[in-house]
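[1] build me a model from this:
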Amino acid sequence: MKPTRSDVPLPPFPPGLSWLRGPEPVSERVTARGPLLVHFFEVGELSSVRTLPFVSGLHAQLADAGLTVLGVHSPRNGLASADADLDAALERLGVEFPVANDNNHRIWHSYGCEGWPSTFVWRRGGTLRWAHFGEGAYHETEAEIRVELEAIADGELPASLLDPPVGDAGGPAPELVRPSDELFPGGAHDAPWLGEPGEPLEVEYAAGGSWAALGGHGEVGLAVDGAEAEPIEVTAPGLYELATHRKHGDHEVALRPSDSVQIWSLSFAPGVRG
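    Predicted coordinates for the structure are as follows:
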């Protein structure tokens, strides 16, 4: 969405934060160079993880043209709230832009965020141009950034990193079905599941795919719809794909984690109506 005012200023980054994957930014210097994209995400939240490749693509393709991308990790639990855990999660996800460990939610509250992911585009000079909450609006977000870059570009900008919108390419968009709600098997968003030794976690769901937020290190045995699947090797905290289904439907997964692995949540992706 476009802000109702053209003079909303960039909130300063609080002092004392840990910045990973890059140096601590100075707001005035960052926005003097060109537009700034600030992206809030969580490594165990499905919408966040699905959006990160787009944000990383913007960083890779438009940084030389003047765009600065900064990430803010505002965790909802202890999955990756420590610097070492977050750094390992970012390495696994291939994140190469600077990310603040906002584990006390200081940046989160200064921006007024209400969920993940949240994306803000700031003009050169530090006033708000665009904001979007949740997944999607990729074409609109890139278009707003490109308008800002065109004002300072020395030559042509790189081509768009996105394919044309589905409606522009011809044919109707596929009909997606709402999946089952995210599940916190530990009883709350900030408590991992603690089963008895050898006890599997069995979950039924309706979706086009399933994911698990896993912490620690070790192996998770996996069965999908009663059939054994490749075990998951947990090398860093984050979201791990359990199953992908061709269309929306009813399914079941059974997870058998080793003692050193925590299960924080299970998430479900929308699927195409059958």
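[2] the helix ranked longest in the chain - contacts with which helices or strands?
    Secondary structure assigned by DSSP state H gives helix 46-62 as the longest helix of the chain. Using 3 or more Cβ pairs under 8 Å, 6 or more residues apart in numbering; DSSP states H and E as the contact test, the elements touching helix 46-62 are strand 36-41, strand 68-73, helix 138-150, strand 238-257, strand 261-269. Quick note: C-beta positions are derived from backbone N, CA and C, even for glycine.
[3] I'd like to know which of those is closest to Trp122.
    Of all the helices and strands packed on helix 46-62, the one in closest proximity to Trp122, counting by Cβ to Cβ, is strand 36-41 (4.2 Å).
[4] name the residues that touch the closest one?
    Defining contact as Cβ atoms under 8 Å, 6 or more residues apart in numbering, one finds that strand 36-41 is touched by 10, 30, 48-49, 51-52, 55, 58, 67-74, 102, 107-108, 111, 113, 116-122, 126, 145.
[5] give the contact list for the nearest residue to Gly134 once chain neighbours are set aside.
    Among residues not flanking Gly134 along the chain, Ser47 sits closest, at 6.3 Å (Cβ to Cβ, 6 or more residues apart in numbering). If you count contacts by Cβ under 8 Å, 6+ apart, Ser47 has them with 116-117, 134-135.
[6] gap between Ser47 and Glu219?
    27 Å (Cβ to Cβ, to the nearest Å).
[7] over to Val69?
    Distance, Val69 to Glu219, by Cβ to Cβ: 34 Å.
[8] next: Gly125.
    Distance from Gly125 to Glu219, counting by Cβ to Cβ: 51 Å.
[9] how about Arg178, phi and psi?
    The phi/psi pair for Arg178 (degrees, to the nearest 10) reads phi -60, psi 130.
[10] typo on my end, it should be Ala84
    Dihedral angles of Ala84 (phi, psi; degrees, to the nearest 10) stand at phi -60, psi -40.
[11] and it, how far from Ile107?
    The separation that Ala84 has from Ile107, given Cβ to Cβ, amounts to 20 Å.
[12] again with Ala153
    In this view, Ala153 and Ile107 are 29 Å apart by Cβ to Cβ.
[13] who has more neighbours, those two?
    Set side by side, Ala153 and Ile107 give different neighbour counts by other Cβ atoms under 10 Å, the larger being at Ile107 (21 against 13).
[14] the more buried one - that's part of a helix, no?
    Yes: counting by DSSP: H, G, I helix; E, B strand; the rest coil, Ile107 is part of a helix.
[15] in the stretch 101-250 of the chain, which spans are strands?
    118-122, 128-133, 176-177, 201-216, 218-224, 227-234, 238-257 (DSSP state E, counting those that start in this stretch).
[16] which residues are in contact with the spatially most central residue of the chain?
    The C-alpha lying nearest the average C-alpha coordinate of the chain belongs to Ser48 (Cα atoms, centre = their mean; 2.0 Å). Under the criterion of Cβ under 8 Å, 6+ apart, the contact list for Ser48 reads 41-42, 116-117.
[17] pick out whichever of those sits closest to Glu202.
    Glu42 (25.5 Å).
[18] for Ala151, see how far away that closest one is.
    Counting by Cβ to Cβ - Glu42 and Ala151 are separated by 33 Å.
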